[in-house]
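Q: Here is a sequence together with a model predicted from it:
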Amino acid sequence: MANIRNIGFIGIGNMGAPMAGQLARQGFALTVFDVQVANATAFASEHGARVASSAAEAGEGADAVIFMLPDERVVRHVLFDDGLAARMSRGAVAIDMGTSAPASTRATGAELAELGIGYVDAPVMGGVVFARDASLDIMAAGDVALIERCRPLFAAMSRKLWLCGELGSAHVLKAMTNYINACALINTLEAMVIGRKFGLDSTVMAQAIDAMCNGRQHPVVKKVMPHVLTRKYGTGMAMQLIAKDVKIAVDAAHSVGAAVPLGEVTAQLWRAATEQLGGTRDHSEIVRYWEDMTGAEL
Ligand code: NAD
């Protein structure tokens, strides 16, 4: 397969503009399109790219077409309603770098395969700042040879490429990472509000939480990797103690009238796991409770 040189880039928004900018800096020939024409023309005047008058035109003659669009519905609209798929060359590759729903990604991949067009999902982690200094994490899924062919593009925009497996699985991983972070944000705000109601200073709490819950204290580093995935279950802290601590937090919230919805569900889960597995088991064994409940194995 020939090297990718000509790139159609569709969606020159907050993320797309700095990402496409990295490709331009690395010498790829870019044709850009955005329904907000000013986005595309501003980009072109800064980076010397060609502006297409439609998505289909951006794909004509392109070795690869990158989407940095709001979601999978827009991706499909561009491909199949705006006529892009019909104008792309056989052997070209389309790459969805936005955060799209994985089932749609798989369906789109199958439809494009019928036209001889490859498809890769390659969503990114890190926001605009990371896009501006080419330090995004890119998760890529689909045909391995296709991903390898796209690697120079990804290298121009990122610090790390995570190979995920079958088409759509990078979109799954992306959604899961955002889900974890979205939960953690609510969880943190929930906890800090409880603390405020007890008179704690917000900056002190934020700094302490950073030191005690992030980095090597983060559950994935401290528990999932060394104790859950290895099945060592040796953190040295019993399940009943964590269940007690979560109950203290929830009771504390109730005593000052602070909302604690995540805490209530979490307390209930730890209580149920303790009853099922036994309170003296290592608390990392909660994974067994989870695996029983879901029928899946980590
Ligand atoms: P954005 O709204 O800034 O950019 C999307 C661009 O797509 C806009 O310029 C819009 O005009 C254009 N567009 C919409 N419909 C179009 C169409 N039919 N044809 C051509 N262009 C069209 O959004 P963003 O923040 O750049 O996010 C893009 C994707 O990246 C989303 O899926 C988002 O979830 C994901 N993402 C965003 C961030 C972030 O920090 N903003 C980080 C990681 C991933």
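A: Ah, there it is.
Q: Secondary structure element for the residue lying closest to residue 25 once chain neighbours are set aside, which one?
A: Residue nearest to residue 25 in three dimensions, not counting chain neighbours: residue 156, with 7.3 Å by CB to CB, 6 or more residues apart in numbering. Every residue, glycine included, has its C-beta placed from N, CA and C. Using DSSP states H and E, residue 156 falls within helix 144-157.
Q: Over to residue 265?
A: Element membership for residue 265, per DSSP H and E: helix 261-277.
Q: Kindly report the same for residue 129.
A: Using DSSP H and E, the element containing residue 129 is helix 128-132.
Q: Against which helices or strands is that helix packed?
A: helix 16-25 (3 or more CB pairs under 8 Å, 6 or more residues apart in numbering; DSSP states H and E).
Q: How many residues are close by the residue of the stretch 101-250 of the chain found nearest the ligand?
A: Residue of the stretch 101-250 of the chain nearest the ligand, by CB to the nearest ligand atom: residue 127 (3.2 Å). Residue 127 has 12 neighbours, counted by other CB atoms under 10 Å.
Q: Quick check: the closest residue to the ligand within the stretch 1-150 of the chain vs residue 82, distance?
A: Going by CB to the nearest ligand atom, the ligand is nearest to residue 13 of the stretch 1-150 of the chain, at 1.9 Å. Residue 13 sits 17 Å away from residue 82, going by CB to CB, to the nearest Å.
Q: Looking at those two, which has the bigger crowd around it?
A: Shown here are residue 13 and residue 82; by other CB under 10 Å, residue 82 has more neighbours (21 against 16).
Q: surely that one meets residue 54?
A: Yes - contact criterion CB atoms under 8 Å: residue 82 and residue 54 qualify, at 6.4 Å.
Q: Need the overlap of contacts for the two.
A: Residues touching both residue 82 and residue 54 (CB atoms under 8 Å, 6 or more residues apart in numbering): there are none.
Q: Where do the helices of the stretch 101-250 of the chain begin and end?
A: Counting by DSSP state H, counting those that start in this stretch, the stretch 101-250 of the chain has helices at residues 102-114, 128-132, 144-157, 169-197, 202-213, 219, 239-255.
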